[in-house]
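**Q** next input, structure requested:
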Amino acid sequence: MKAAETKMFKEAHQAPAVVERALRENRSEMELLGTFLRRHTPPFVLTVARGSSDHAALYGKYLIESLLGLVCSSAIPSVHTVYGQRLALGRALVIAISQSGQSPDLIEVTRQARRDGALTLALVNQEHSPLAQTAEVVLPLWAGPEEAVAATKSYLATLASLVQLVAAWAEDKPLKEALARLPEVMYKAAEAHWQAGLEPLVEAENGLVVGRGYAFAVANELALKLKETSAFHAEAMSAAELLHGPVALVEPDFPLLVLAPKDKPLPGMLSLLENLRSKGGHLLVASSESEALELAHTPLPLPGRLHPVLDSILLAQAFYPFAAELAVARGFDPDAPRNLSKVTRTR
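**A** Residues are numbered from 1 along each chain as shown. Next comes the predicted model:
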């Protein structure tokens with residue numbers, strides 16, 4: 001099997017076109033929604049999601065809290081579906097995110113939220129799914145069929161859609177202008193050559209994916225993909241938390257995939273990289289910045305930068321084809337991870 005022949009690899013390369021379509025098709029609705037939310041500001045935002053979609057929701061939390069100053073929290077569906085508790089969600093904005101839109105717990109939380117007076121928004125790839133039918137506002141992801149079990153293009157379309165929503169809501173003109181250029185830079189990121197990262201990971205069993213801010217949100221997704229497709233036990237770690245205890249895991253050749261885009265956390269990330277070099281771990285550094293790449297044992301360069309909010313999307317875009325290559329190198333089929341199916345239904 002060749003990585004380039006896998007569905008995951010091919011769908012990752014479809015993502016820029018998917019994002020371009022989603023931004024175009026949803027633009028008018030996003031602008032109207034942004035205007036409504038400025039006039040009727042919710043007291044807080046609640047996200048409802050699982051898996052890769054929940055990692056996208058964490059990225060949305062950073063967007064909403066850092067650009068809008070509103071509290072954004074992730075729902076715990078079992079509070080509703082197992083413990084039977086109803087939360088006071090009146091006037092809140094509830095964003096449900098799903099590729100399939102079929103998981104009963106997400107549907108139930110969204111249904112209760114709408115019944116209790118929240119504005120419910122579904123970002124979903126299947127626009128005729130039960131979740132889409134439950135929410136008041138539906139914005140499709142326009143990813144088309146996604147056949148690989150591991151989500152790629154639907155995840156990236158979700159990130160871009162969340163940026164589009166918040167940029168419209170905040171009337172952030174520079175972010176809107178950068179977002180319009182995102183697909184063309186994603187095409188370049190999809191062709192990033194990260195093959196140098198295969199050797200330190202192909203025989204390893206454990207590692208950390210480290211980031212901060214928007215990059216930490218994306219680190220959660222990258223760690224999940226390493227588990228799913230390569231049976232590599234990776235844990236996402238905030239750079240701010242790493243030195244509080246987990247750094248004890250670091251030993252000679254222990255792999256650390258460090259995400260260091262051009263953003264406000266970058267100075268601290270550079271200090272962390274210098275610290276980690278002294279502890280013997282193997283640093284794989286994904287960045288557009290030369291000062292970060294120079295501290296790496298294995299540099300994983302990005303093709304330039306776009307915007308501090310958007311560069312972490314480029315990291316994920318560059319990573320997905322690499323993840324397919326790593327899975328094949330480790331003897332796995334990235335399209336058929338063991339013990340997994342495409343649609344997961346939980347209560």
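
**Q** helix/strand/coil for Val19?
**A** Following DSSP: H, G, I helix; E, B strand; the rest coil, the label given to Val19 is helix.

**Q** sorry, slip of the keys, the one I care about is Lys264.
**A** coil.

**Q** quick one: it from Leu119, how far?
**A** Distance from Lys264 to Leu119, counting by CB to CB, to the nearest Å: 30 Å. Just so you know, the C-beta spots here come from the backbone N, C-alpha and C atoms, and that holds for glycine as well.

**Q** neighbour count: the two, which is higher?
**A** With neighbours defined as other CB atoms under 10 Å, Lys264 and Leu119 compare such that Leu119 has more, 21 against 11.

**Q** give me phi/psi at the more buried one?
**A** Phi and psi for Leu119, reported as degrees, to the nearest 10, are phi -90, psi 120.

**Q** now Asn206. Nearest residue, chain neighbours left out?
**A** Spatial nearest neighbour of Asn206, chain neighbours left out: His233 (4.7 Å); criterion: CB to CB, 6 or more residues apart in numbering.

**Q** burial of the one you found, as a residue count?
**A** Around His233 there are 12 residues (other CB under 10 Å).

**Q** please apply the same query to the one 3 residues further on.
**A** Neighbours of Ala236 under the rule other CB under 10 Å: 22.

**Q** picking up where we left off before, phi, psi for the residue nearest to Asn206 please.
**A** When read as degrees, to the nearest 10, the backbone of His233 gives phi -80, psi 90.

**Q** quick one: pLDDT of it?
**A** Per-residue pLDDT puts His233 at 95.

**Q** OK, contacts around it?
**A** Going by CB atoms under 8 Å, 6 or more residues apart in numbering, His233 touches 205-207, 226-227.

**Q** same thing but at 7 Å, please
**A** 205-206, 227 (CB atoms under 7 Å, 6 or more residues apart in numbering).

**Q** now flag whichever of the residues you listed is closest to His128.
**A** Nearest to His128 among the contacts of His233, counting by CB to CB, is Lys227 at 30.9 Å.

**Q** next up, identify which helix or strand the closest one is on.
**A** Take DSSP states H and E as the rule and Lys227 turns out to sit in helix 214-230.

**Q** now stretch 148-165: how far from the chain's centre is it?
**A** Computed by CA atoms, centre = their mean, to the nearest Å, the chain-centroid distance of stretch 148-165 equals 7 Å.

**Q** just the mean pLDDT for it, thanks.
**A** pLDDT averaged over stretch 148-165 gives 96.

**Q** now do the helices in the stretch 1-150 of the chain.
**A** 7-39, 51-63, 77-81, 104-115, 130-134 (DSSP state H, counting those that start in this stretch).

**Q** what segments of the stretch 151-300 of the chain are helices?
**A** 153-170, 173-190, 198-202, 214-230, 239-242, 266-277, 290-293.

**Q** any idea which of the contacts of His233 is least confident?
**A** Out of the contacts of His233, that is Glu205, at 91.

**Q** who's in contact with that one?
**A** 232-233.

**Q** can we see that at 6 Å?
**A** By CB atoms under 6 Å, 6 or more residues apart in numbering, the contact list for Glu205 is empty.

**Q** repeat that for the one 10 residues further on.
**A** By CB under 6 Å, 6+ apart, the contact set of Ala215 is 259, 261, 312.

**Q** need those in CSV (columns: distance to Pro321 and pLDDT).
**A** Listed next are these as CSV, based on distance: CB to CB, whole Å; pLDDT from 0 to 100:
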residue, distance to Pro321, pLDDT
Leu259, 16, 98
Pro261, 18, 97
Ser312, 17, 97
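
**Q** next, count neighbours for Leu46.
**A** 23.

**Q** now swap in Ser66 and tell me
**A** Neighbour tally, Ser66, other CB under 10 Å: 15.

**Q** ok, the residue nearest to it when sequence neighbours are not counted to Ser312 distance?
**A** Using CB to CB, 6+ apart and skipping the chain neighbours, the partner closest in space to Ser66 is Gly213 (7.8 Å). Applying CB to CB, the value for Gly213 to Ser312 is 8 Å.

**Q** tell me the contacts of the residue nearest to Ser129 when sequence neighbours are not counted?
**A** Computed as CB to CB, 6+ apart, the closest residue to Ser129 that is not its neighbour in sequence is Gly101, at 2.8 Å. Going by CB under 6 Å, 6+ apart, Gly101 touches 124, 126, 129, 131-132.

**Q** right, and Leu284 touches Ala196 too?
**A** No - using CB atoms under 6 Å, Leu284 is not in contact with Ala196, being 8.4 Å away.

**Q** what do the two both touch?
**A** Common neighbours of Leu284 and Ala196 (CB under 6 Å, 6+ apart) are Thr298.

**Q** settle it for me: which of these two has more neighbours?
**A** More crowded of Leu284 and Ala196, by other CB under 10 Å: Leu284, with 23 against 15.

**Q** so in terms of bridging, what pairs with the more buried one?
**A** Leu257, Thr298 (DSSP bridges).

**Q** thank you kindly, that will do.
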